[in-house]
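> generate coordinates for the sequence data below:
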Amino acid sequence: MGTPLKNVLFVCPNESLLEAFNKFDVFNDWEIDYCQDSFSVLQLLKSSNYDLVVMDHEIQPLNPFKLMDYVFHELQKSCLMVIVGGGSEPEVIHENYIKFNYPIEQHNIDTLLVKGKESKNTKKKDELFSLDYLNELSDNNQEFLEESIQLFQNTLDIRLLDLKRAIAKPDFEEARKIAHNIKPSFAMLGNDSGRAICHTICYDATNDEIPELSQMLIKEYGLIINEIKKQFPKLKVS
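Residues are numbered from 1 along each chain as shown. Next up is the predicted model:
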């Protein structure tokens, strides 16, 4: 059976991750590269494209969340990412990545392949924001659109500052509450990445993962604001 994922990069301090996947038939369909640390990943991704990056949860010097943050926001690369090990749940599926534990089971591989097929079938470029929902809600009322965008910024400016303070304390339960509170704001503007990160912070992330996820969320917000400035230069967006 064919696979929607062909070019696969494994990242692990040793070859144990490769060995864990080797028992599954799909492994033979993949064109595989392997590296031992996250800096090597960045060098490879600067010059190559991969359908899938599989990471052990203990990779260094950048952990999986710091690595994903850099790949998605700095390199502007889009590929399916998988973290193996260290999870509080057996399997968790997110917008841009999957997380499951050792030992790897066939249902983990099935989830990975389904997610990979979904990614391949989504040909349109990911948009930082969409006004489809607001246009439908307001019957294309321009004043309503501008007021909603301004409200989005005013709300997020305050709540993301609150999130930074919660992380600094640290108060991770407060961080989860804030993520829950602002998740609808990202959904309102059709930003799937921000909505998914909020969901992860609320329901799936461990305390250790929340600071890195919060940084990813803050960077995503910055990208949205920059794009709004380009598309709506007359708005008072700072």
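
> helix/strand/coil for Ile32?
Following DSSP: H, G, I helix; E, B strand; the rest coil, the label given to Ile32 is strand.

> roughly how far does it sit from Asn108?
17 Å (C-beta to C-beta, to the nearest Å). Heads up, the C-betas are built off the backbone N, CA and C, glycines and all.

> ok, Pro13 touching Met55?
No. Contact criterion C-beta atoms under 8 Å: Pro13 and Met55 do not qualify, at 10.8 Å.

> ok, those two, which is more surrounded?
Each of Pro13 and Met55 has its neighbours counted (other C-beta atoms under 10 Å); Met55 has more, 26 against 12.

> quick one: Glu58 is in a strand?
No. Looking at Glu58 with three-state DSSP, it is coil, so not inside a strand.

> where along this structure do the helices fall?
16-22, 38-47, 64-69, 106-121, 132-138, 142-168, 172-188, 192-203, 210-231 (DSSP state H).

> count the residues that sit near Val35.
Slight slip there: residue 35 is Cys, not Val. Neighbours of Cys35 (other C-beta under 10 Å): 16.

> which ones are touching it?
By C-beta atoms under 8 Å, 6 or more residues apart in numbering, the contact list for Cys35 reads 9-11, 41, 44.

> cutoff 7 Å now
11, 41, 44 (C-beta atoms under 7 Å, 6 or more residues apart in numbering).

> tell me the centre residue of the chain?
Asn96 (4.2 Å; C-alpha atoms, centre = their mean).

> and that residue, what's its pLDDT?
Here the pLDDT value assigned to Asn96 is 74.

> wait, isn't it in contact with Cys79?
No. In this structure Asn96 lies outside contact range of Cys79 using C-beta atoms under 7 Å: 8.7 Å.
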